[in-house]
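> Fold the following.
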Amino acid sequence: MILVETKRLLLRNLTEADADIMYDYRNNEICARYQRGQIKDYDGISALVQRRKNDVMSNDSPFMIAVALKNTGGMIGEIVVMPGDGTFNLGYTFSYRHHRNGYAFEALTALIHMLHARYPEMNFISFTDPENESSMALLKKLGYRNMGYVPSMESQVFGKWVSPAAEEEVYLKWR
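Modelled structure (predicted):
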């Protein structure tokens, strides 16, 4: 199912064909360097695709989205949305083969705007490795602001549309 369509991209459900692509970029040092806890073995990725291929957009359960090129349908990355306590936590990985083309910005812009339109009460946060300058620059370009370092996660946290109460909760929960 296609969730969002942009000028160059389709944000859609995962398909079995995506496992090969995910295996490639999840096991490449350029992409894997800042990722923590991602499944990297082929059987695990294949099982993940099977579990997540029918995910639906929701503000009460996690879902995973494949980002694909519109002209070929080929997957170039993934976005995971983890809702909880009035907050969407977004994580993303894009294939090293497609870095520096604006695809992450295009995909995340479309998804964030759609999620915000459907669930305007939700806060948006993302955690990133403090050495991942590209990801931090992307989040700033998306309108997120740096909320500081979270020692318990060894991450910088960025927020968008974050209420004062939610910001306080981030500090209490994660610090």
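
> where does the chain have low pLDDT?
Along the chain, segments meeting pLDDT under 70 span 170-175.

> The nearest residue to residue 163 once chain neighbours are set aside: neighbour count?
Excluding the flanking residues, the one nearest residue 163 by Cβ to Cβ, 6 or more residues apart in numbering is residue 123, at 6.0 Å. Yep, even glycine has a C-beta here, placed from its N, CA and C like the rest. The number of residues packed near residue 123 is 20, by other Cβ atoms under 10 Å.

> residues in contact with residue 123?
Neighbour list for residue 123: 86-88, 159-163, 166 [criterion: Cβ atoms under 8 Å, 6 or more residues apart in numbering].

> which helix is the longest one in this structure?
Using DSSP state H, we find that the single longest helix of the chain is helix 103-118.

> what's that one in contact with?
Applying Cβ under 8 Å, 6+ apart, the set of residues contacting helix 103-118 is 3-4, 6-9, 11, 57, 59, 65, 67, 76-77, 79, 81, 88, 90, 92, 94, 122, 124, 138, 141-142, 160-161.

> Among these, which ones are in strands?
Here DSSP state E is the test, and these give 3-4, 9, 11, 65, 67, 76-77, 79, 81, 88, 90, 92, 94, 124, 160 as lying in strands.

> State the pair within those residues that is farthest apart.
Using Cβ to Cβ, those span at most 23.2 Å, a distance reached by 76 and 160.

> ok, those two, which is more surrounded?
Neighbour totals were compared for residue 76 and residue 160, and residue 76 leads with 22 against 17 (other Cβ under 10 Å).

> Residue 86 versus the more buried one, what's the distance?
Going from residue 76 to residue 86 by Cβ to Cβ, to the nearest Å gives 31 Å.

> Now, of the contacts of residue 123, which are buried?
87-88, 159-162, 166 (16 or more other Cβ atoms under 10 Å).

> picking up where we left off before, I'd like to check the angle between the longest helix of the chain and strand 87-94, please.
160 degrees (axes from the mean of the first three to the mean of the last three Cα atoms, to 10 degrees).
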